[in-house]
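> give me a 3D structure for the following:
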Amino acid sequence: MYEPPRPNALSPIAALLRAAWRGDGDLLSLLPAGAYRMDIGPLGYSRRSIVVVNDPVHARTIMTDPADIYPKNDLMVGALEPLVGNSIFVSDGDVWRRQRAMIDPAFSGIRINRAFSSMVAAVDDHESHLEDLTASGEPMSIDLAMSHLTADIICRTVFSISLKSKMAHDVYEAFSVFERSVAHVEIKRLIFDKPWSEVPQSAEVLAACERIRECLAELLDTHLEETGADYNDIATAVIGAQDTETGKPFTREELIDQLGVFFLAGHETTASVLTWVFFILATQADVRERLRTEVDEVVGDGEVEIGHTKKLVYTRNVFRETLRLYPPITFIPRVARETTEIGGRRIRKGAMVMISPWTMHRHERYWRDPHAFDPDRFLPEREKELTSGAYIPFGQGPRICVGAAFATIESALIIARLVRRFDFDVIDPDAVYPVARLTTRPKHQIMCRVRHRQ
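You can find the predicted model right below:
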């Protein structure tokens, strides 16, 4: 059974030395072998204490957090705050509850149905680009291609503009700088700094954040001004959202915060998993041909419609299994606001509490053949094999990802459309290796050549 690339699991000391020696901020290389077997335990050695929680029951308690003991981790908040302010991605308590209640309707099923045509238009343009590459034979980066495509979809569905526009392109380029720089975690800071220490950002990151927020503000103002334009997009829905108690809308600054989250989370996470999907399809002919057979039978020669995406069972299970093995959000970090206890283990104030979809999804007790790629494990007849709460690519509880349904439909569309027309030949598959920074990404870009389906 096929096992896609993963880091070699080492002892805690060896893993720490490996991470420190590489110095590239990859948190996957810091995970010891025991992290894939334990329920709750320490992650190496640090001044503040880092605890990994794999037990699904305790993980749910932490993420549900009814007593507000486990707010978002201070390192993550410090890294993202210059871009997204105190938005839904980093806020806690009553502030988060207010924001979530206002934002949820923007991602209702009705709005996803309306957004589907924008997704299709973006894929149309991307297919035209791939046609050009088949003719020229020029190599393509799967990572960059998926990032550009999903960013285009977010631009179209949130603001009703294509990534081809200069402003949207500026946002995309600035986001690339932000992701590349802020995602680099200094292992020494993780190990030696006190809880709630200041997280300094480079001038390059701060400038990128300022540029992104300026562009988002300009795009937002096109919706706020009375120009007579009749927008029907996510930005419009968020602008119209009202506090359930006061009836007040988001302020302009709050809108910029929330829309920044949509752009960051809405394209980077989906691009991450689709990169791994197309790498696996490129290297595993049996998976690719089975997926194609399903698309041919369900869709035929016509357009892929939103109703088809729900009938593409194997396609969706390929997506789900890739999410299991390569969850875009590798770690869901929290911090203990006060001294507490988890599963009989004392957690001191300021400790970093890490729920890791990566280790939970590969836990030896929760999954048969945990490192193997097996989309059929999600079939209804094998449902009894699944451990409740051990599959959390979108989080769980009240903080479950607001865009989960959006991402699932978007990904099914992209996979079905591209796989039925193109083959992707990876140039150096043996060099592909996952790392965890802002999302789970290949350490180096996956270069390939595109050709028409054989």
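> for the chain, longest helix please?
helix 252-283 (DSSP state H).
> pull the helix or strand just after it out as CSV, backbone CA atoms only.
Remark: after helix 252-283, the chain's next helix or strand is helix 285-299, criterion DSSP states H and E. Taking C-alpha atoms only, helix 285-299 is exported to CSV below (Å, rounded to 0.1, in the frame of the first residue of the first chain):
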residue,chain,number,x,y,z
ALA,A,285,-1.6,5.8,-11.8
ASP,A,286,-4.2,3.5,-10.2
VAL,A,287,-5.6,6.3,-8.1
ARG,A,288,-5.6,8.7,-11.0
GLU,A,289,-7.4,6.2,-13.4
ARG,A,290,-10.0,5.2,-10.8
LEU,A,291,-10.8,8.9,-10.2
ARG,A,292,-11.0,9.6,-13.9
THR,A,293,-13.4,6.7,-14.4
GLU,A,294,-15.7,8.1,-11.7
VAL,A,295,-15.6,11.6,-13.2
ASP,A,296,-16.4,10.2,-16.7
GLU,A,297,-19.3,8.2,-15.4
VAL,A,298,-20.8,10.9,-13.2
VAL,A,299,-20.1,14.0,-15.3
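> picking up where we left off before, mean confidence score for the longest helix of the chain?
What helix 252-283 shows for mean pLDDT is 92.
> likewise stretch 175-189?
65.
> in the chain, which spans are strands?
With DSSP state E as the criterion, the chain has strands at 40-42, 50-53, 140-141, 332-335, 340-342, 345-347, 352-355, 422-426, 434-436, 440-442, 447-452.
> please identify which of those is closest to Asp94.
With CB to CB as the measure, strand 332-335 is the member of those nearest Asp94 (17.5 Å). C-betas here are computed from N, CA, C, even on glycine.
> in the stretch 51-200 of the chain, where is pLDDT below threshold?
Scanning the stretch 51-200 of the chain with the threshold set as pLDDT under 70 gives 109-110, 180, 182-199.
> for it, which segments count as helices?
Counting by DSSP state H, counting those that start in this stretch, the stretch 51-200 of the chain has helices at residues 56-64, 74-84, 93-103, 109-136, 142-154, 166-182, 187-192.
> how about the longest helix of the chain: buried residues?
254-283 (16 or more other CB atoms under 10 Å).
> got it, and stretch 105-124?
Under the neighbour-count criterion of 16+ other CB under 10 Å, stretch 105-124 has Ala106, Phe107, Arg111, Ile112, Ala115, Phe116, Ser118, Met119, Val120, Ala122, Val123 buried.
> neighbours around the residue lying closest to Met1 once chain neighbours are set aside, how many?
What sits nearest to Met1 in space, not counting adjacent residues and going by CB to CB, 6 or more residues apart in numbering, is Ala372, at 4.2 Å. By other CB atoms under 10 Å, the residues close to Ala372 number 15.
> enumerate every residue touching Ala372.
Counting by CB atoms under 8 Å, 6 or more residues apart in numbering, Ala372 makes contact with Met1, Tyr2, Glu3.
> next one, pLDDT for it please.
Ala372 carries a pLDDT score of 97 in this model.
> what's the spacing between it and Val432?
To Val432, Ala372 is 17 Å away according to CB to CB, to the nearest Å.
> do Ser162 as well
Using CB to CB, Ser162 is found at 31 Å from Val432.
> one more: Glu210?
35 Å.
> compare those two (neighbour count), which wins?
Val432 (20 against 13).
> does Asp374 touch Glu321 like I think?
Yes: counting by CB atoms under 8 Å, Glu321 is a contact partner of Asp374 at 6.4 Å.
> more neighbours: these two, which one.
Remark: of Asp374 and Glu321, Glu321 carries more neighbours, 21 against 17, as counted by other CB under 10 Å.
> Arg346 pairs with what?
For Arg346, the beta-bridge partners are Glu341 (DSSP bridges).
> so what's the residue count around it?
By other CB under 10 Å, 11 other residues sit near Arg346.
> over to the one 4 residues further on?
When neighbours are counted by other CB under 10 Å, Gly350 registers 17.
> circling back to that earlier point, mind checking which of the helices of the stretch 51-200 of the chain is nearest His223?
Comparing the helices of the stretch 51-200 of the chain against His223 with CB to CB, the closest turns out to be helix 166-182 (13.3 Å).
> and the closest one, how far out from the chain's middle?
How far helix 166-182 lies from its chain's middle: 16 Å, per CA atoms, centre = their mean, to the nearest Å.
> could I get that helix in CSV with only the CA atoms?
In CSV, the C-alpha atoms belonging to helix 166-182 read as follows (Å, rounded to 0.1, in the frame of the first residue of the first chain):
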residue,chain,number,x,y,z
LYS,A,166,-3.7,44.7,-10.6
MET,A,167,-5.0,45.2,-7.1
ALA,A,168,-5.8,41.5,-6.6
HIS,A,169,-2.4,40.6,-7.9
ASP,A,170,-0.8,43.0,-5.5
VAL,A,171,-2.6,41.3,-2.6
TYR,A,172,-1.5,37.9,-3.8
GLU,A,173,2.1,39.0,-4.1
ALA,A,174,2.1,40.6,-0.6
PHE,A,175,0.5,37.5,0.8
SER,A,176,3.4,35.4,-0.7
VAL,A,177,5.9,37.5,1.2
PHE,A,178,3.9,37.3,4.4
GLU,A,179,3.5,33.5,4.2
ARG,A,180,7.1,32.9,3.4
SER,A,181,8.4,35.1,6.2
VAL,A,182,6.0,34.9,9.1
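> against which helices or strands is it packed?
If you count contacts as 3 or more CB pairs under 8 Å, 6 or more residues apart in numbering; DSSP states H and E, helix 166-182 packs onto helix 74-84, helix 142-154, helix 203-224, helix 252-283.
> got these as a markdown table, with distance to Pro333 columns?
A markdown table is the format used below for the helices and strands packed on helix 166-182 (distance: least, CB to CB, whole Å):
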| stretch | distance to Pro333 |
| --- | --- |
| helix 74-84 | 5 |
| helix 142-154 | 23 |
| helix 203-224 | 19 |
| helix 252-283 | 15 |
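> now Gln445: how far from Asp152?
Distance from Gln445 to Asp152, by CB to CB: 19 Å.
> isn't Ile347 up against Val335?
No: using CB under 8 Å, Ile347 makes no contact with Val335, being 10.0 Å away.
> quickly list what's touching both of these two.
With CB under 8 Å, 6+ apart, Ile347 and Val335 have common neighbours Val353.
> perfect, that will be all.
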